[in-house]
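1. fold the following and give me the result.
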Amino acid sequence: MDTLAEVKHGDVFSNYGIEDLKAKEAMSTLEQDTMPKSSAVPASRNDREATHIRDLTAEQWKSGAAAWLGWLFDGLDMHLYTLVALTFVAELLDMDKSAKEVSFYSSWIQASFLIGWAFGGSFFGIIGDRIGRTRALVLTILTYAMFTGLSFFAQTWWQLLIFRFVAALGIGGEWAVGASLLSETWPKRWRPWMAAVLQTAVNIGVLIASLAVFLMADLPPRYVFLIGVLPALIVLWIRKAIPETEEWHQARLENRHETPRITDLFRGNLRRTSLLTLSVCALSLTAHWAFMFWCSQHLRTLPDIASWTESQRNALVSQGMTVVMFSSIVGNFIAAGFARVLGYRWAIVLFFLFYFGAMLGAYGVPRDHVSLWPWLFVLGTCQGVFALFTMYMPPLFPTLLRTTGAGFCYNFGRCAAAFGTVFFGLFNTVGDFRLALLYAGFLFVPAAAIACLLPEPNDDVVPEPVE
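-> Residues are numbered from 1 along each chain as shown. The predicted structure is shown next:
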């Protein structure tokens, strides 16, 4: 049919990619009669557009809980390494943690993690569009839980690099799948607040990681990776309790089970959106992850704590990350409020500029650990900008390219961030990571400039729901 031909040539995709296929082709009566029972989804579109909390269905609550828990364990598993990086790698290399080789190899391990995250977002994004959101969510969680736990057994730096790379495949995939799951099941008008709540799960996961490192400060650093096995416990519940989304089932039927290719992201009207989003993510995530990685190492090597024990330094790093994560939770909701008033685009631009200013203030001059505390709070608040991407990006793409598009574009930025982590590490002098952090912050300026050109999903600018 004509619609199928348009899908194959990418012409059916608009900038926003919302309900394009449904507007073009109605599902036939025969297809409805022959639809497998497993394809049925209890929640209807009217249910999903509920305006009160009490109107939400059980299926919506379950999908929300599954995505939230998946993101919480994302935060836990992704930051266990950053909190013990220098100490663990120094142990693997049998060197003092101040040795240049330790920071070099630890940054490459983090780079491999970010590259794995990028590939995982693309790979599991395609899987999620092909086999469904729920089944893909199960696969992503099992992947990162298993290989985070295996990091405990690493005996060399390259073994740890491999384990972190594979774990990151699952973490990157979970971002794309979880975001699409909520985008297709919860009310559109709630997206900014949903984004804040979902990102808060990541922050809480990081806090749990920080708490684990604090409580296990006297144990060898490898033991913290055993905590990363916990996410596997929720997989059976997700597989049994979470139905597949109606929107995915219907799009598959309307498209005769043919899935658009990843190359369709760069054809027709989608090309501009994809390229802009890729650019913004690459610049901003490089700066953000340079901060997230080198911040902990900077705290650990400050001159004013040179006489501290390793246990005391671990506790300081844990406390510093706790400050960042608590303020990030605040920032998530501040960013959501800005998005409600100004729209996503201008909220993103402003927060990038805030982030740049905070990096300049924190690392523009040498500071001791006490004077860094208020700046860490401000930097954490600025991270609320990344909560907006959670619900902003999936609606930019058609249903059958939703996890592929969101996963590929957002996680491509992690490839740039991977190399950026190593690149900015080259500016380090022995025992001082301040310049790496300072120079990385300047990337938020071009990110803000390009973000001015981003599209604005028109279905999100609506009155707020009544609680």
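2. state the distance from residue 90 to residue 297.
-> Applying Cβ to Cβ, to the nearest Å, the value for residue 90 to residue 297 is 12 Å. No exception for glycine: its C-beta is placed from N, CA and C like everyone else's.
3. correction: residue 182
-> 34 Å.
4. can you pull the pLDDT of residue 462?
-> As predicted, residue 462 sits at a pLDDT of 37.
5. and residue 274, by the same measure?
-> pLDDT, residue 274: 88.
6. secondary structure class for it?
-> Classification of residue 274 using DSSP: H, G, I helix; E, B strand; the rest coil returns helix.
7. host element of the nearest residue to residue 454 once chain neighbours are set aside?
-> Spatially, and ignoring its direct neighbours in sequence, residue 454 is nearest to residue 345 (4.9 Å; Cβ to Cβ, 6 or more residues apart in numbering). Element membership for residue 345, per DSSP states H and E: helix 344-363.
8. I'd like the distance from the strand or helix carrying residue 206 to the chain centre, please.
-> Using DSSP H and E, residue 206 sits in helix 191-215. Distance, stretch centre to chain centre, for helix 191-215: 11 Å (Cα atoms, centre = their mean, to the nearest Å).
9. try stretch 166-184
-> On Cα atoms, centre = their mean, the centre of stretch 166-184 falls 8 Å from the chain's centre.
10. same deal with stretch 76-94?
-> The answer for stretch 76-94 is 21 Å, by Cα atoms, centre = their mean.
11. in PDB, list the C-alpha atoms belonging to that stretch.
-> This file holds the C-alpha atoms of stretch 76-94, laid out as PDB (Å, rounded to 0.1, in the frame of the first residue of the first chain):
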ATOM      1  CA  LEU A  76      23.500   2.300  41.100                       C
ATOM      2  CA  ASP A  77      25.500   0.300  38.600                       C
ATOM      3  CA  MET A  78      26.900   3.100  36.500                       C
ATOM      4  CA  HIS A  79      28.500   5.000  39.400                       C
ATOM      5  CA  LEU A  80      30.000   2.200  41.500                       C
ATOM      6  CA  TYR A  81      33.100   2.300  39.400                       C
ATOM      7  CA  THR A  82      33.500   6.100  39.400                       C
ATOM      8  CA  LEU A  83      33.600   6.100  43.200                       C
ATOM      9  CA  VAL A  84      36.400   3.600  43.500                       C
ATOM     10  CA  ALA A  85      38.100   4.000  40.100                       C
ATOM     11  CA  LEU A  86      41.600   5.100  41.200                       C
ATOM     12  CA  THR A  87      41.800   2.800  44.200                       C
ATOM     13  CA  PHE A  88      40.700  -0.300  42.300                       C
ATOM     14  CA  VAL A  89      42.800   0.400  39.200                       C
ATOM     15  CA  ALA A  90      45.800   1.100  41.400                       C
ATOM     16  CA  GLU A  91      45.200  -2.300  43.000                       C
ATOM     17  CA  LEU A  92      45.000  -4.100  39.600                       C
ATOM     18  CA  LEU A  93      48.100  -2.400  38.400                       C
ATOM     19  CA  ASP A  94      49.900  -2.800  41.700                       C
END
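12. and residue 90 and residue 297? which has more neighbours close in?
-> residue 297 (24 against 20; other Cβ atoms under 10 Å).
13. any low-confidence regions in this structure?
-> Residue ranges of the chain with pLDDT under 70: 1-51, 236, 255-260, 400, 414, 418, 421-422, 424-432, 458-467.
14. just to revisit the earlier point, OK, contacts around the residue nearest to residue 454?
-> Listed by Cβ atoms under 8 Å, 6 or more residues apart in numbering, the contact partners of residue 345 are 451, 452, 454, 455, 456.
15. show me what contacts the closest residue to residue 344 other than its chain neighbours?
-> In space, and not counting its chain neighbours, residue 344 is closest to residue 392: 4.7 Å by Cβ to Cβ, 6+ apart. Counting by Cβ under 8 Å, 6+ apart, residue 392 touches 191, 195, 339, 344, 348, 457, 460.
16. if you set the cut-off to 10 Å instead, what comes out?
-> 179, 183, 191-192, 195, 277, 339, 343-345, 347-348, 406, 410, 454-457, 460 (Cβ atoms under 10 Å, 6 or more residues apart in numbering).
17. tell me what angle the helix holding residue 345 forms with helix 191-215.
-> 30 degrees (axes from the mean of the first three to the mean of the last three Cα atoms, to 10 degrees).
18. buried set for helix 344-363?
-> Going by neighbour count (16 or more other Cβ atoms under 10 Å), the buried part of helix 344-363 is 344-356, 358-359, 362-363.
19. next SSE after that helix?
-> Per DSSP H and E, the first helix or strand lying C-terminal to helix 344-363 is helix 369-382.
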